[in-house]
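Undergrad: show me the folded form of this:
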Amino acid sequence: MSTFVFIVIIICGSVALTVLGCVWMGTSYYEKKRGLRSGASDRELFTLQQQVSEIRKETDTLKNQIQELIKIAKGISE
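TA: Residues are numbered from 1 along each chain as shown. This next block holds a predicted model:
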């Protein structure tokens, strides 16, 4: 009886490991196919770098506008 239970446990464990392995391989293939694993980080970094450069430009523009406003305010108060 114990031999039968042992064999059933081995068979069930093998089936479970096989199913989990297939699910894992399918998931990793799907991620690679969509580009989520290897290329996503490069694309995200490129997008973030573009956003940072746009923010820098906007910040420079705002600084220049603030300096002009300060000059106008000093000119009025003097």
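Undergrad: show the average pLDDT along the longest helix along the chain.
TA: Secondary structure of the chain per DSSP state H: the longest helix is helix 40-77. Mean per-residue pLDDT for helix 40-77: 86.
Undergrad: now do stretch 30-37
TA: 71.
Undergrad: tell me the buried residues in stretch 7-26?
TA: By neighbour count with 16 or more other Cβ atoms under 10 Å, stretch 7-26 contains no buried residues. In this view, the C-beta of every residue, glycine as well, is placed from N, C-alpha and C.
Undergrad: what about residue 3, how many residues nearby?
TA: The tally of other residues near residue 3 (other Cβ atoms under 10 Å) stands at 7.
Undergrad: so who does residue 49 touch?
TA: By Cβ atoms under 8 Å, 6 or more residues apart in numbering, the contact set of residue 49 is empty.
Undergrad: thinking again about what came up before, can you give me the buried ones in the longest helix of the chain?
TA: Going through helix 40-77 with 16+ other Cβ under 10 Å, nothing comes out buried.
Undergrad: kindly state the pLDDT recorded for residue 23?
TA: 93.
Undergrad: list phi and psi for it.
TA: In terms of degrees, to the nearest 10, the main-chain angles of residue 23 are phi -60, psi -40.
Undergrad: ok now stretch 6-24, how far from the chain's centre?
TA: Its chain's C-alpha centre and that of stretch 6-24 lie 33 Å apart, by Cα atoms, centre = their mean, to the nearest Å.
Undergrad: stretch 51-66 now?
TA: How far stretch 51-66 lies from its chain's middle: 26 Å, per Cα atoms, centre = their mean.
Undergrad: so what touches it?
TA: Against stretch 51-66 from outside (Cβ under 8 Å, 6+ apart): no residues.
Undergrad: since that was my last question, I'll sign off now.
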